[in-house]
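A.B. asks: for reference, the sequence and a predicted model appear below.
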Amino acid sequence: MIQRDIQIDESGRLRHFLTTEGVKRQLLTEILDHAENFTAVGNRSIKKVPLLRGSTIANLFFEPSTRTRTTFELAAKRLSADVLNININSSATTKGESLLDMLRNLEAMHCDMFIVRHAQSGAAHFIARHVAPHIRVINAGDGSHAHPTQAMLDMFTIRRHKGAFADLRIAIVGDIMHSRVARSQIHALTTLGVQEVRVIGPQTLLPRKVENLGVHVYHDLPAGLADVDVIIMLRLQRERMTGALIPSEREYFELYGLTPEKLAFAKPDAIVMHPGPINRGVEISSEVADGPQSVILEQVSNGIAIRMAIMSIIMGNRFGDMGEQS
Amino acid sequence: MKLRIHGGRVIDPANGIDMIADLCIEGGRITSVGVTPEGFSADREIDASGSIVCPGLVDLQARLREPGQSHKGNIDTETTAAAAGGVTTLCCPPDTDPVTDTPAVANLIRELAELCGRTRVLPIGAITPGLRGEQICEMVILSQAGCIAFSNAEHPISNTEVLRRAMEYAASHDLTLLLRPQDPWLATAGCAHEGAVSTRLGLPGIPEFAETLEVARLLTLVDRTGARTHIGPLSTARAVQMIGRAQFDGLPVSASVAIPHLHLTEMDISDFNSQCHLRPPLRTQRDQEGLRQGLAKGVVTAICSDHQPHDVDAKLAPFAATEPGASGLETLLPLSLRLSDQGIVALPDLIATLTCYPARILGIPSGTLSHGASANICIFDPEQYWTVGPETLLSYGHNTPFLGWELKGRVTHTLLEGRLVHELNG
Amino acid sequence: MSELDVTGLLGEISSRLKHYLQQRRIDKPLMIGIHTGGVWIAQRLHHDLKLEDPLGTLNIAFYRDDFTRIGVHPQVKPSRLPVTVENRHIILVDDVLQTGRTVRAALNEIFDYGRPASVALVVLVDRSGRELPIEPTITGMHLELDANQQIKLEGPEPFRLVRLEREIPAIKP
């Protein structure tokens, strides 16, 4: 059976934003261009534009995340939308039934867009497939699957520093296996046509057949960092340290922690990124995190513009649809 | 009651029969295959011209959800589905609630099934009480209560000493074990084949060697204990190879595969389709080919439905949070027929894997059209197309990856002990 | 279709604008052009008037009132207001004034940057079809056009005012 990509509408535009996988280069570039404009809005005294006045956006967070929720909330408010924050204790919604019930309730409140964060991979797809047709869904992170807005803000940060993508070598370091950010970054980077994406980590933190995603695998940090333009450090979740994935924080930092000495293997003008929140002394040393090559704080502020861009593109596409229908 | 089925192509692999023939039934038994004996006057005639007449199917693994999970189905609904699928004998695993670890539960299942009277239900007894994997059940008493074989269903027997004793005990009392090969440590956290697709989707994986490791453990123990062991359903090509070698070495081991794994692969979950959330997981194209090869070479001698009806909600959640399993009794035959259409297995051999071979695994004389055998018969129109959907399925569970597929081949009549228990549009 | 003398019109606008500023005793106005045609014209006027403060540009895409019908415009250049508008005399420049909705959006955006002392509106062409009570301060020329006629500035080198006949699309409710 032919499966239609549910995040793309009949005219090839974004209906939902669930993953960067399969999104055409032109659409990704369009998001980045729009974000550029919204950055300018963020520098004004009144940081608000009336684009989404009258729309209601619901933040559905089944997994706690103050940071991501706040940037989505701020982005929505700067577009003049009304924002509903709903934090759901995931234990109360382990049954699919109550999850769908909740969606029906929110639909009845005339929400226009759901921002979804969930611990299960595929949750945003599931919700997108079951919501009423006028509702748009943005994935704010589902399990280990995707975190497309984070990946896009990283693309935006890279472009601001490096210009074109074509000649770039990018290294993603750490727990690729459990990282939705890494997956979304890899899809976006390969679509945007970078020269090389490398993943660096022990076999225990790399998913099987990760090379099928179009990346080169390194187990050795200095070797993997040679000649790279961008280094993306991933957060090592504390709970990973209890299993058999890595022996200890100390050994992990020894092998994969980014220190000034390790950073020296990359190009001299390489930038260092991290989706945050950072574990100082586990995956990155403070000298690097706060150093001149770090763009970590910039990533955070770019997050608002990129989310404004994505929300307004998707809502604009939706309004376009409705105009055609009426 | 005398019955005559005339004009059909009779395929009875156990007796090497494949011809246009008439079949006479009297007193619930087959009295003749071929020319109708003189003086036989039927009370009812079934015109089977253009159809295939074969033994009723024998399904090694189908869940009826009773007792314990009546919101997903019950013996009444699921035996109706079985009859509609041409299945006249089925084994139900012991993971009922309560577990089939006492004669009372085994008797209850058999009696309820007899009351419904649509298909013969053979309970499989638990190997360990409560399926906890700690001690062994009263297997002999359970077998006297009608348990045809023993299994621990989806639950592991992690303690190899317990498994070894269970096998020795089964061997000394000539009991059959049906074991599912899955290493619990490697498999419990996963919900999809560990490979390119699970990596893309960020789903926790179940590696191929979760199956082969357990097959290796089982084969070693079969070799040492001599227990008659059936391993299945299989999902990997390598496990098929390992079992093929063990069979060559003379081990009393047989293998089966569930029908979805012969048609689907890991690619089918790529849009988080929860209908394709199965256990064992759908694996690679290479594995699918390996399973088909195993079937063609006779290493795998049975195809089962692995029928697992679910309520609607069980599949309405993000992929990993859904319950694994597919409803399969009614699609077992047409999906199997595809394999002969695709030239993988000749039709008579295919029918054998659905009838006399699984019967042989269980050690029962079913699955044949021999003279004097109980008249369990399936008649199907091999050319009839039908679409899988809520309108056509009789099972309580409409959860199937084949929803919307147009399948070729449909059961028109099912006879259990000479009684018509299913008639399409009848 | 007739070509219009844009350069001549611009010269005339320049001198009237100088006069206006003198009359109002505005010595340091802040000029802002609306993308895209308005910016071209503003660049010329900015040069002619030898203004000190850099030219501001506005992209009103985020303020359009037809977002709910057409969505976001695929290629928008960001607004750039290099100096504060707070308490300044603004000269807002656009090429063609028709419905008045673009100017309405531009005013809203300017007010999101701060509170100007005054705003004057300069347009090259004031054509018929107003839908809002907005009138230009200085106009190059006035044109009476039917609803299906469109006038468009092409440029910037050389400037050309092009008049088009177009199919009127079915009006959406």
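C.D. replies: That came through, no problem.
A.B. asks: is the closest residue in space to residue B:291 that isn't next to it in sequence in a helix, a strand, or coil?
C.D. replies: If you skip the residues right next to it in sequence, residue B:291 has residue B:257 as its closest partner in space, 5.0 Å away by C-beta to C-beta, 6 or more residues apart in numbering or on different chains. Yep, even glycine has a C-beta here, placed from its N, CA and C like the rest. Under DSSP: H, G, I helix; E, B strand; the rest coil, residue B:257 falls in the strand class.
A.B. asks: just the pLDDT for residue B:257.
C.D. replies: Looking at residue B:257, its pLDDT is 98.
A.B. asks: who's in contact with it?
C.D. replies: By C-beta atoms under 8 Å, 6 or more residues apart in numbering or on different chains, residue B:257 lies in contact with B:232, B:233, B:234, B:235, B:291, B:294, B:295, B:300, B:302, B:303, B:304.
A.B. asks: any idea how far it lies from residue B:350?
C.D. replies: Separation of residue B:257 from residue B:350 (C-beta to C-beta, to the nearest Å): 13 Å.
A.B. asks: ok, which pair from the contacts of residue B:257 is furthest apart?
C.D. replies: In those, two members sit farther apart than any others by C-beta to C-beta. They are B:235 and B:302, at 14.7 Å.
A.B. asks: tell me where the chain has strands.
C.D. replies: Since no chain was named, I'll use chain A. Per DSSP state E, chain A carries strands over the ranges A:56-61, A:82-87, A:113-118, A:136-142, A:169-173, A:196-200, A:216-218, A:230-233, A:271-273.
A.B. asks: let me rephrase: I mean chain C.
C.D. replies: Remark: strands of chain C, listed N- to C-terminal, are C:30-34, C:56-58, C:89-97, C:118-127, C:138-143, C:149-154, C:160-165; assignment by DSSP E.
A.B. asks: CA atoms only: put the last one into PDB for me.
C.D. replies: Output of strand C:160-165 as PDB, limited to C-alpha atoms (Å, rounded to 0.1, in the frame of the first residue of the first chain):
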ATOM      1  CA  ARG C 160       8.800  51.800 -15.600                       C
ATOM      2  CA  LEU C 161       5.100  52.000 -14.700                       C
ATOM      3  CA  VAL C 162       3.300  49.200 -16.400                       C
ATOM      4  CA  ARG C 163      -0.400  49.100 -16.700                       C
ATOM      5  CA  LEU C 164      -2.000  45.600 -16.900                       C
ATOM      6  CA  GLU C 165      -5.400  44.300 -17.700                       C
END
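A.B. asks: identify each buried residue in that strand, please.
C.D. replies: When neighbours are counted by 16 or more other C-beta atoms under 10 Å in any protein chain shown, the buried residues of strand C:160-165 are found to be residue C:161.
A.B. asks: how about stretch B:293-300?
C.D. replies: Of the residues in stretch B:293-300, B:293, B:294, B:295, B:296, B:299, B:300 count as buried by neighbour count, 16+ other C-beta under 10 Å.
A.B. asks: where does pLDDT dip in chain C?
C.D. replies: Counting by pLDDT under 70, chain C contains low-confidence ranges at C:1-4, C:68, C:70, C:73-76, C:166-173.
A.B. asks: low-confidence ranges, chain A, go.
C.D. replies: The model of chain A has pLDDT under 70 over residues A:1-3, A:90-98, A:240-242, A:319-326.
A.B. asks: find the closest residue to chain C in it.
C.D. replies: Evaluated by C-beta to the nearest C-beta, chain A has residue A:316 as its residue closest to chain C, separated by 2.7 Å.
A.B. asks: just to check, that residue is in contact with residue C:69?
C.D. replies: No. When contacts are counted by C-beta atoms under 8 Å, residue A:316 is not listed as touching residue C:69 (9.6 Å).
A.B. asks: which of those two has more neighbours?
C.D. replies: Using other C-beta atoms under 10 Å in any protein chain shown, the more surrounded residue of residue A:316 and residue C:69 is residue A:316, with 24 against 15.
A.B. asks: now do residue 148: how many residues are near it, please.
C.D. replies: Using chain A here. For residue A:148, the tally of surrounding residues (other C-beta under 10 Å) stands at 33.
A.B. asks: let's do chain B instead
C.D. replies: 24.
A.B. asks: for the nearest residue to it once chain neighbours are set aside, give me its contacts.
C.D. replies: Closest residue in space to residue B:148, ignoring its immediate chain neighbours: residue B:122 at 4.0 Å, by C-beta to C-beta, 6+ apart. Applying C-beta under 8 Å, 6+ apart, one finds that residue B:122 lies in contact with B:89, B:90, B:91, B:92, B:110, B:146, B:147, B:148, B:149, B:362, B:364.
A.B. asks: what's the pLDDT at the last one?
C.D. replies: Looking at residue B:364, its pLDDT is 96.
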